[in-house]
Every structure is written in C-alpha cells, then in structure tokens.
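Asks: show me the folded form of this:
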Amino acid sequence: MWDAIVNILFQILKFIQSFATDWGLSIIILTIIVRLILTPLVLKSTKSTARMQVLQPKLMEIQERYADDPQRQAEEMQKFYAENKFNPLGGCLPLLIQMPILVALFTLLRSLDTYFEGQTFSFYNILPNLTTTPGAMWAKGFADALPYLISLVLFALLTIIPTLYQSRNQTGAQASSMRTMSIVMSLMMLWMGWNLPAGVLLYYDVSTLWQVVQQVFVTRHVMEKAKAEEEARLANAPIEVDVVRRERKARPHKKN
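Replies: Model (predicted):
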C-alpha cells in the first residue's frame, strides 16, 4: 500500500513535469494538488474541533459529577456522545488519513534522483539543485548557500505561524506555553532542515504557506460557523445534563 501511494505520486509528478518543465514548479503544483485533495478532510476536522469546543463545558460537568465513579462516568460520556451524535475521534481521523499521503510525498521528494535518474533538479535559478541540502551548500560558501538558507528559515517560520495564530485566542499560562512551544519547534525545524534536500524544504514551505492562508481565510470562518450551528442546536434541543442539573437545583427548594 505504501509503495502504491508513492508510485501514484511519482506518476503525477512525472506528468506535471512533462508540461511544467521546471522541477521546482512541478513540486509546487504537486503540493497544491495534494492540499486541494486534503482540504475536505481538513474542513471536516475543523468542524469536529469546533463542536468539541462547544460541548467541552458539558463534558467537564459530567466528568466532575461522576469523578468518584469511573464506570458511571464512562457510561454517561458514551450516552452524551450518542445523544449529540458526536465522535470524539472525529477531529483526529482526517489528520491520520492525511499522514500516509504527506509522508509518501516526503519520501518521493527526498529521493528524486532515484525515481528520475540522470536529470538535473532545479527551481529555475533560485535553487540550482533540489536534491542537495543547506548544510552541503554551506560548505561551498555563503553566496551559494544563501537561497537554501532562506528556504530553511521559511521552513522554520512557516511551521510555527499556525501555532502562534492559535495562541491569540488563549490567555495566561496557556498562551505563554504555546508561544514557548513555538520557539522550541522553530529551533527544531532549523536543526532538521539543515540536512533536508531543498526539494523537501520547497514542498514544506509551499504546503505550510497554504495551511497558513487556509487557516486565516477559511478555517477560522468554518470554525465560527460550526460553533454557531452547534450552539443553536443545543439551545433548541437542551440535553439531559441540563435537565438533571435543573432537577437537582429544584429538589432542595421543594423540601423547604
């Protein structure tokens, strides 16, 4: 199965190269095609995450109420999911489905010279060799390495922008923790990217830039709409947790 996915991507890249004529441009086109294919999964994951955020207070209420009875807590949680037609893994499954495609694409780009023997892989005059690494180019001098270093810096910066964007909605310790994590991740990307082929860096730069644009202009609106729809649904159809809470509040009043 893994080889089949890599082979499909290889055939697509080969077809793109037949009319794009530049390997860097072919990688960019392939990356956009993959991102377009995965967009429905990303949007589905976003909607699931939005629903989870709306339902989170109710879930926490159940967890607190049955904190001393794990079995009852699990039963009530399962009942809650069934009543609200909610799959707690809904936000994860689309991402898991994406991973084989993305890793297969990484495998293909890392081994371009193996799949396409006897060719020169360049991105116009910007990156003369897409199979070499920033580390290898650094040994040839700063001038030769400069475009590769720029690609590497973009690789690190674009990776952390989505996390920093999300931290805007957080406050206090959580926001600080997310920013610290972003800085650490950026340093890790610099370290990892130093020995990654430029073709892989180009793919990740374009792919993450797509993710950033999608997050700012698409994902945010999808999440806001999904939250509004879920809140409206809950308002029109109160769930059992609310009924139980109201009954418990009413009982002492009746005794008095």
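
Asks: which stretch of helix or strand covers the nearest residue to residue 164 once chain neighbours are set aside?
Replies: Once flanking residues are discounted, residue 164 sits nearest to residue 182: 5.4 Å by CB to CB, 6 or more residues apart in numbering. All C-beta atoms are positioned from the backbone trio N, CA, C, and that covers glycine. Taking DSSP states H and E as the definition, residue 182 sits inside helix 172-193.

Asks: counting contacts, what elements does that helix pack onto?
Replies: The criterion is 3 or more CB pairs under 8 Å, 6 or more residues apart in numbering; DSSP states H and E, and the helices and strands that helix 172-193 contacts are helix 142-166.

Asks: I'd like the average pLDDT over the helix it packs on.
Replies: Averaged across helix 142-166, pLDDT comes to 86.

Asks: pull out the buried positions in it.
Replies: 145, 147-149, 151-162, 164 (16 or more other CB atoms under 10 Å).

Asks: kindly calculate the angle that it makes with helix 172-193.
Replies: In terms of direction (axes from the mean of the first three to the mean of the last three CA atoms, to 10 degrees), helix 142-166 departs from helix 172-193 by 150 degrees.

Asks: now do helix 142-166: distance to the chain's middle.
Replies: When distances are taken as CA atoms, centre = their mean, to the nearest Å, helix 142-166 is centred 18 Å away from the chain's centroid.

Asks: and the contacts of it?
Replies: 126-127, 132-134, 137-138, 178-179, 181-183, 185-187, 189-190, 193-194, 196, 198, 201-202, 204-205, 208-209, 211-212, 215-216 (CB atoms under 8 Å, 6 or more residues apart in numbering).

Asks: next one: the helix holding residue 182 to chain centre, how far?
Replies: Using CA atoms, centre = their mean, the offset of helix 172-193 from its chain centre is 16 Å.

Asks: toward the C-terminus, what is the element adjacent to it?
Replies: Next element after helix 172-193 (DSSP H and E): helix 198-214.

Asks: ok and that next one relative to helix 172-193, angle-wise?
Replies: 150 degrees.

Asks: packing partners for helix 198-214?
Replies: Helix 198-214 packs on helix 23-65, helix 93-110, helix 142-166, going by 3+ CB pairs under 8 Å, 6+ apart.

Asks: tell me the mean pLDDT for that helix?
Replies: Mean per-residue pLDDT for helix 198-214: 88.

Asks: give the buried residues for it.
Replies: 198-208, 210-212, 214.

Asks: between helix 23-65 and it, find me the angle.
Replies: If you take the same axes, to 10 degrees, helix 198-214 sits at 50 degrees to helix 23-65.

Asks: who touches helix 198-214?
Replies: 23-24, 27-28, 30-32, 34-35, 39, 42, 102, 105-106, 109-110, 112, 121, 123, 127, 129-134, 148, 151-152, 154-155, 158-159, 161-162, 165, 193.

Asks: can we see that at 6 Å?
Replies: Here helix 198-214 makes contact (CB atoms under 6 Å, 6 or more residues apart in numbering) with 27-28, 31, 35, 109-110, 112, 127, 130, 148, 151, 154-155, 158-159, 161, 193.

Asks: CA atoms of that helix as PDB?
Replies: The C-alpha trace of helix 198-214 is given here as PDB (Å, rounded to 0.1, in the frame of the first residue of the first chain):
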ATOM      1  CA  ALA A 198      15.900  21.500  -0.900                       C
ATOM      2  CA  GLY A 199      13.000  19.800  -2.800                       C
ATOM      3  CA  VAL A 200      11.600  18.700   0.600                       C
ATOM      4  CA  LEU A 201      12.000  22.200   2.000                       C
ATOM      5  CA  LEU A 202      10.300  23.700  -1.000                       C
ATOM      6  CA  TYR A 203       7.400  21.300  -0.600                       C
ATOM      7  CA  TYR A 204       7.000  22.100   3.100                       C
ATOM      8  CA  ASP A 205       7.300  25.800   2.500                       C
ATOM      9  CA  VAL A 206       4.500  25.800   0.000                       C
ATOM     10  CA  SER A 207       2.400  23.300   1.900                       C
ATOM     11  CA  THR A 208       2.700  25.300   5.200                       C
ATOM     12  CA  LEU A 209       2.100  28.600   3.400                       C
ATOM     13  CA  TRP A 210      -1.100  27.000   2.100                       C
ATOM     14  CA  GLN A 211      -2.000  25.900   5.600                       C
ATOM     15  CA  VAL A 212      -1.500  29.500   7.000                       C
ATOM     16  CA  VAL A 213      -3.600  31.100   4.300                       C
ATOM     17  CA  GLN A 214      -6.300  28.400   4.700                       C
END
